[in-house]
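Enquirer: after the sequence you'll find the predicted model.
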There are 2 protein chains.
Amino acid sequence: MERLNIDKVAKLAHVSRSVVSRVLNNHPNVSDEARVRVMKVVKKYNYRPNAVARSLATQSTYQIGVLTSRIEDESLGNGYWTLLYLGIFEECIRRGYYVRLSFYSSSMSDELHEHLLNPHQLDGVICLNEEVTDLTVETLADKDIPIVLVGHNPKHPDISSVDVDNYDGAYTATKHLIDLGHKQIGGIFGDQNVEETEHRIRAYREALKDHGLDVRDDYISVGSYTQQDGYNTLNVWTEDHKQMTAVFCASDTIAMGGMLALHEKGVSVPGQFSVVGFDGLPISRYMIPPLTTIEQPTYGKGERAAQLLIDKIKNIDEKVIQENLKPKLVIRKSSGPAPA
Amino acid sequence: MERLNIDKVAKLAHVSRSVVSRVLNNHPNVSDEARVRVMKVVKKYNYRPNAVARSLATQSTYQIGVLTSRIEDESLGNGYWTLLYLGIFEECIRRGYYVRLSFYSSSMSDELHEHLLNPHQLDGVICLNEEVTDLTVETLADKDIPIVLVGHNPKHPDISSVDVDNYDGAYTATKHLIDLGHKQIGGIFGDQNVEETEHRIRAYREALKDHGLDVRDDYISVGSYTQQDGYNTLNVWTEDHKQMTAVFCASDTIAMGGMLALHEKGVSVPGQFSVVGFDGLPISRYMIPPLTTIEQPTYGKGERAAQLLIDKIKNIDEKVIQENLKPKLVIRKSSGPAPA
DNA sequence: TTGTAAGCGTTATCAC
DNA sequence: GTGATAACGCTTACAA
């Protein structure tokens, strides 16, 4: 089966290459007769236009890049990224775009990083986290390639972004514990210096304050979104803060590590200690005990980011949109009434 | 900053476009003098050749496709895919290839599926699972695009593939339980009709037989690689098979679900019942109790698959290679001596 | 409605 | 060692 090109199709259909092109791109001004002849040939030989050549001619590749940073295995392994990417991917495919997923690591040369973001090949870029945003914005400066962020970034007020409502989620989680009668509630948070973390911490504090509870700085830990971090933190706290009866974890992974520490110390969950997570990862349902958590629309975040990006690429929407998706409290078995 | 092209660079460096092209592609037959002049301009204006145009001219895109099937959220969420993809990605980047990750779902039209595999844009394809292999091979027939599989497929003996040594892993896992004194050992397996599953089941049976233990068909379950499956199976078995004291799970996710069922029934692990998983997912370390498992080189599988593919693309290696990577038993807390 | 021809930015062939 | 020139396969004015 020899490879066809537009000229051969044109010849077989007894028309010029322009007619073929018009048919394939659904342009008007093509007689029905010609259209039928062309489509017949296309079908018969299963002809598919060469996307590379098309890209060269149109200066657009219908390909978008997704960039995230390559963090430790443990964080990669939690399933969050897969779901987020899936949302992006499926929205893109629906609208005719391909997706290229790249991991950036700080050990990577600038050269390589620019290579990943080669603007000749990308119609737009989605940045999945803070670490990668600045680099990308800088690399793509003056190249007018649309960018959309997952997670708002106050440093870039001119870029559209999607996020879960972090304040709402953290407030709800904390309030859930307060409602259960807990008075000494810790908070374990992830990435430092990120708006997301700020909002979650603020919500945690304000929930406590709004309900007349003390806010203690030594009940707050900011580390990383890993099981290891939750594990270490609760290992220490179970020794140092005997009064504490509950903890809000800013990710399900933190909660998972925390519950292991509790288990090893013989502290029963939720009997003696309650744990609430954040993310609603698929695995959270199968933790021991199943985790009460703030479920965020991870897939939906990806989907919406892709929508915003493609709209921008197609100039459907010019304005900057920074959107918050609502999270939802899912009560399972890791949270219960404060011990008497 | 206006966009440069090769002609403008040529003009600025006072050479012809051919010289620029040669310099950029490290061809011989360029005077040092010319090379220096060109590189100066390239550096100064930060010129990067248009990869799309290059692809059109060379008929190769330096882009490879990775295809996997879109399975239930729960399976996606376990971190296996991310690690596998990361291995592929990093090897590709090292060797100058881009990677496009696509999820195939059976609800997808053939049209769309072919779109994803558009041979004009892909120098090669890696298939991450059985479901997707046949489709891909068929779609790419006669297009002579190299394919590499993760997971051997006896239906395609002419395609190179990488896998973990499933027999070895399952045998080791089962033997570990036997060595601990267990006599009634169940086996919960994943995908049906896959070589991987066959080998794991065979290893499980032979380990039992080799050590003089009975092999019972009702101690074997073949379902899917999900927590749900492990949960359901052990829920039933704890009722129906009171003698059983251990189970080998063909994935860490199955084990995770199984341990939850055990927990809910009040069966202590490893006191009354031992569990061994397979995969060595990052999360397995934080399960309650931390899971004894067969750690497979997930990242390494991806890396090796990419190596094989790129070698094939570059015609470095013509022959079919079907490789097995060695798994490793990691003993943690979910397995212990058989109860007396 | 259709066809011609220029252009997209490279690489590769072949004289010089 | 260098520089025209012809591909590569498509889109898109513009002319017919």
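Expert: That came through fine.

Enquirer: distance check, A:Leu177 against A:Ala261.
Expert: Using C-beta to C-beta, to the nearest Å, A:Leu177 is found at 18 Å from A:Ala261. Where you see a C-beta, it was placed from the backbone N, CA and C, and this is true even at glycine.

Enquirer: in terms of neighbours, single out the busier of these two.
Expert: A:Leu177 (27 against 20; other C-beta atoms under 10 Å in any protein chain shown).

Enquirer: quick one: contacts for whichever residue of the stretch 201-340 of chain A sits closest to DNA strand C?
Expert: Here the stretch 201-340 of chain A gets closest to DNA strand C at one residue, A:Ile313, 18.2 Å apart by C-beta to the nearest atom of the strand. Neighbour list for A:Ile313: A:60, A:64, A:123-124, A:146 [criterion: C-beta atoms under 8 Å, 6 or more residues apart in numbering or on different chains].

Enquirer: and the strands in the stretch 201-340 of chain A, which stretches?
Expert: A:220-222, A:246-249, A:274-279, A:292-295, A:322-325, A:328-330 (DSSP state E, counting those that start in this stretch).

Enquirer: deepest-packed of those, please.
Expert: Of all the strands of the stretch 201-340 of chain A, strand A:246-249 has the most neighbours on average by mean count of other C-beta atoms under 10 Å in any protein chain shown, namely a mean of 31.

Enquirer: what does that strand contact?
Expert: So strand A:246-249 is contacted by A:170, A:173-174, A:177, A:180, A:182, A:184-188, A:204, A:230, A:234, A:237, A:255, A:258, A:273-278, A:335, A:338 (C-beta under 8 Å, 6+ apart).

Enquirer: near chain B, which residues of the stretch 201-340 of chain A?
Expert: A:227, A:231, A:256-257, A:259-260, A:263, A:281-283, A:285-290, A:299 (C-beta under 8 Å from any C-beta of the partner chain).

Enquirer: tell me how many other residues crowd A:Pro154.
Expert: 9.

Enquirer: could you find the closest non-adjacent residue to it?
Expert: Distance criterion C-beta to C-beta, 6 or more residues apart in numbering or on different chains; nearest residue to A:Pro154, sequence neighbours excluded, is A:Glu195 at 5.7 Å.

Enquirer: so how far is A:Asp179 from A:Pro339?
Expert: Taken as C-beta to C-beta, the span from A:Pro339 to A:Asp179 is 15 Å.

Enquirer: so which of the two has more stuff around it?
Expert: Neighbour count, other C-beta under 10 Å: between A:Pro339 and A:Asp179, A:Pro339 has more, with 14 against 11.

Enquirer: doesn't A:Ser274 make contact with that one?
Expert: No. Counting by C-beta atoms under 8 Å, A:Ser274 is not a contact partner of A:Pro339; they are 9.3 Å apart.

Enquirer: list residues touching both of those two?
Expert: Joint contacts of A:Pro339 and A:Ser274 (C-beta under 8 Å, 6+ apart) are A:Thr245.

Enquirer: quick one: stretch A:92-112 to chain centroid distance?
Expert: 14 Å (C-alpha atoms, centre = their mean, to the nearest Å).
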